[in-house]
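**Student:** Sequence and predicted structure, then a few things I'm wondering about:
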Amino acid sequence: PGCACAPPRRARSMSDSDGSDGGAPPPEPQAAPAPAPQEGQASDLSAVAAEHGVIDLGYRQLASLRGLQLGADVEELELTGNRLDEGEAAVVLEEWAGAGLRLASLQLRKNLLEGAARLTACTACATLTALVLRDNMLKEVPPLAAMAQLRHLDVSYNEIRSMAPLAEAPACLEELFLARNKIRTIEGVASRERLRILELGSNRLRTMAGLENLSALVELWLGSNKITSIDEAVLRAMPKLRRLSVQANRLTSCVALRACALAGEGGSGAPLEELCLSQNGLTRLEGLEGLPVLLLDAADNPIESLDGLNRLPQLEDLWLNDTKVPVEALDSLAEALAASRQTLSTVYLERSPAAGSPLYQQRLIDALPALRQIDAQVLPRHGKRTAGS
């Protein structure tokens, strides 16, 4: 996948499009599967030609690449959705390297790879800036020391247990995706000065240790783990953080988020815009004061009040569905959301006690002049707004 997309406008979470890896960026769009080649048709690959430097052989169920001829002008090779194993892919790539092939991007998502060490050692891969090995059967992160230009690595949806080999990854690595593996400890990434995106959703993490000094990090995805607390020291060293997802963990407090307001030189604060805390054990919202958050997802928590929201001056989307916010909270909406009354455009409170009040929607409309959506209902833009209009 490329960079993480903005979360959809829905009440649940900022998770991946399949809802499975706790905030993972969505996978690249899938082309319709092409008919599987019949026995003896491998020679047909000789007719495949590059288009603007790209060879796309996705979803052809290929078990071999023999017969495919790649010129030195090919920069991207798309092999998603085939039946290639490590040995077959490595042999052919090395043959192409002898003909001058130097790839910039290699996509091997959804194949039959149980390892990738031979691939990453190929001369043709030495120039890669993007390598996607998502959704295979990898047991470990392949050696990366020979890939001096690698900026994007995706090994999500595999069976990886250790991040230790990442210590040998090139210093230029900027985007790293490790969602849906079996990782218990964060290793090999601390103090990486260029890492901008880190996806570790749906693993077995219990702490944020190992994320120290990631000063360039913009997006951190930690959803669907077993993390019990937010590490204040880790966040304080992330002055550029814009997106943080810790949904579906075991948090009972979020007070450590105050570190985001102190991050950066001179305590200028991280530019945190999207914060996902849904599906935890939070009973109150703390540590949010002064954050420039545009979207706050705290849905599906046992939150019992709107306390802690009165100093979010840029808040536009507030998701508190499936919480315990009481009916009485509707009486003090203007005070509880004082700083964001003029900016809040979307509020979700459905399936909370407050939403059971017959005056629920009208109280929100009266208190929030910029409101455009309540739960799934989009409000009219013109004229006097009333609930149900």
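**Tutor:** Sure thing, it's come through.
**Student:** can you give me the strands for the stretch 151-300 of the chain?
**Tutor:** 152-154, 175-177, 197-199, 219-221, 243-245, 274-276, 295-297 (DSSP state E, counting those that start in this stretch).
**Student:** State the mean pLDDT of the second one.
**Tutor:** Which is strand 175-177. Mean pLDDT, computed over strand 175-177, is 98.
**Student:** Show me what that strand is packed up against.
**Tutor:** strand 152-154, strand 197-199 (3 or more C-beta pairs under 8 Å, 6 or more residues apart in numbering; DSSP states H and E). From N, CA and C alone the C-beta is placed, and that goes for glycine too.
**Student:** Redo the strands of the stretch 151-300 of the chain as CSV? Include mean neighbour count and distance to residue 160.
**Tutor:** As requested, the strands of the stretch 151-300 of the chain are arranged in CSV below (neighbours: other C-beta atoms under 10 Å; distance: least, C-beta to C-beta, whole Å):
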stretch, mean neighbour count, distance to residue 160
strand 152-154, 24, 12
strand 175-177, 25, 11
strand 197-199, 23, 13
strand 219-221, 24, 16
strand 243-245, 26, 20
strand 274-276, 24, 24
strand 295-297, 24, 28
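**Student:** Tell me which stretches of the stretch 51-200 of the chain form helices.
**Tutor:** Assigned by DSSP state H, counting those that start in this stretch, the stretch 51-200 of the chain shows helices spanning 86-98, 117-120.
**Student:** can you list the weak-confidence ranges in the stretch 251-389 of the chain?
**Tutor:** Across the stretch 251-389 of the chain, the ranges flagged by pLDDT under 70 are 264-267, 382-389.
**Student:** Could you rerun that using 90?
**Tutor:** 261-270, 381-389 (pLDDT under 90).
**Student:** so where do the helices sit in it?
**Tutor:** Under DSSP H, counting those that start in this stretch, the stretch 251-389 of the chain gives helices at 258-262, 333-336, 360-367.
**Student:** Single out the most deeply packed of those helices.
**Tutor:** helix 258-262 (a mean of 21; mean count of other C-beta atoms under 10 Å).
**Student:** Just the CA coordinates for that one, please, in CSV.
**Tutor:** Extracted in CSV, the C-alpha atoms of helix 258-262 (Å, rounded to 0.1, in the frame of the first residue of the first chain):
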residue,chain,number,x,y,z
ARG,A,258,-0.5,15.4,27.3
ALA,A,259,3.1,14.6,26.0
CYS,A,260,1.9,15.4,22.5
ALA,A,261,1.3,19.0,23.6
LEU,A,262,4.9,19.2,24.9
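**Student:** who touches it?
**Tutor:** With contacts defined as C-beta atoms under 8 Å, 6 or more residues apart in numbering, helix 258-262 is touched by 232-236, 238, 241, 244, 267, 269-270, 272, 286-291.
**Student:** re earlier: may I see the helices and strands packed on strand 175-177 organised as TSV, with mean pLDDT and distance to residue 126 added?
**Tutor:** Shown next, in TSV, are the helices and strands packed on strand 175-177 (pLDDT from 0 to 100; distance: least, C-beta to C-beta, whole Å):
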stretch	mean pLDDT	distance to residue 126
strand 152-154	98	15
strand 197-199	98	23
